[in-house]
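A.B. asks: What follows is a predicted protein model with its sequence.
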Amino acid sequence: MPTFVTLAKWTDEGIRNIKDSPKRRQAFEDRITSMGGTVKDAYLVMGEYDLVLVTEVPNDETAAKMALGTAMQGNVRTMTMRAFGREEMDKIVGSLPYVEDPATPDLRALTSRPASDLARRYWDRVAGGSTRGERTTAITSPGPLPAH
């Protein structure tokens with residue numbers, strides 16, 4: 001059964017009625033069970049969100065009903081995400097084709113240049129020039145390099 005993670009924030013109404021939250025959570029769990037799902041876990045968390053719920057429901061339509069039914073109560077605002085477990089993730093990643101990344105630089109080419117040439121090219125770029133003589137957007141120079 002698909003797993004969903006829901007992040008919830010209490011609304012003003014929800015926090016005013018915080019003492020009722022255990023009853024509301026139980027009603028939520030009963031509703032999920034009646035839809036053929038289960039609440040795997042629920043957490044009170046600190047940070048941007050107040051609650052994290054992990055549920056398993058039969059399909060996306062049931063997850064949407066779960067989210068909309070919860071929102072209709074007016075006690076929390078939610079964000080629900082489909083979650084893939086370890087086995088599902090391994091299957092998905094394992095099915096991807098292997099592709100060499102053409103954007104990966106060949107670092108061997110850099111090591112064939114003298115260090116002073118590399119440093120000059122780097123400084124030219126940082127100071128606003130380029131290695132081909134044209135100007136690019138200038139970046140303020142921190143001043144001359146310290147003497148060694």
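C.D. replies: Cool, the structure landed. Here the structure is a predicted model, which means the values were calculated and not measured. Residues are numbered from 1 along each chain as shown.
A.B. asks: for this protein, where's the lowest mean pLDDT among helices and strands?
C.D. replies: Of the helices and strands making up the chain, the lowest-confidence element is helix 107-111, at a mean of 54, by mean pLDDT, DSSP states H and E.
A.B. asks: Give the helix, strand or coil label for P97.
C.D. replies: coil (DSSP: H, G, I helix; E, B strand; the rest coil).
A.B. asks: what about it, how many neighbours?
C.D. replies: 4 (other C-beta atoms under 10 Å). (C-beta placed from N, C-alpha, C; glycine too.)
A.B. asks: can you check P2 too?
C.D. replies: Neighbours of P2 using other C-beta under 10 Å come to 17.
A.B. asks: Phi, psi for it please.
C.D. replies: phi -60, psi 140 (degrees, to the nearest 10).
A.B. asks: can I assume it is in contact with A63?
C.D. replies: Yes: with contact defined as C-beta atoms under 8 Å, P2 reaches A63; the gap is 7.3 Å.
A.B. asks: Now do the shared contacts for these two.
C.D. replies: Residues touching both P2 and A63 by C-beta atoms under 8 Å, 6 or more residues apart in numbering: V57, R82.
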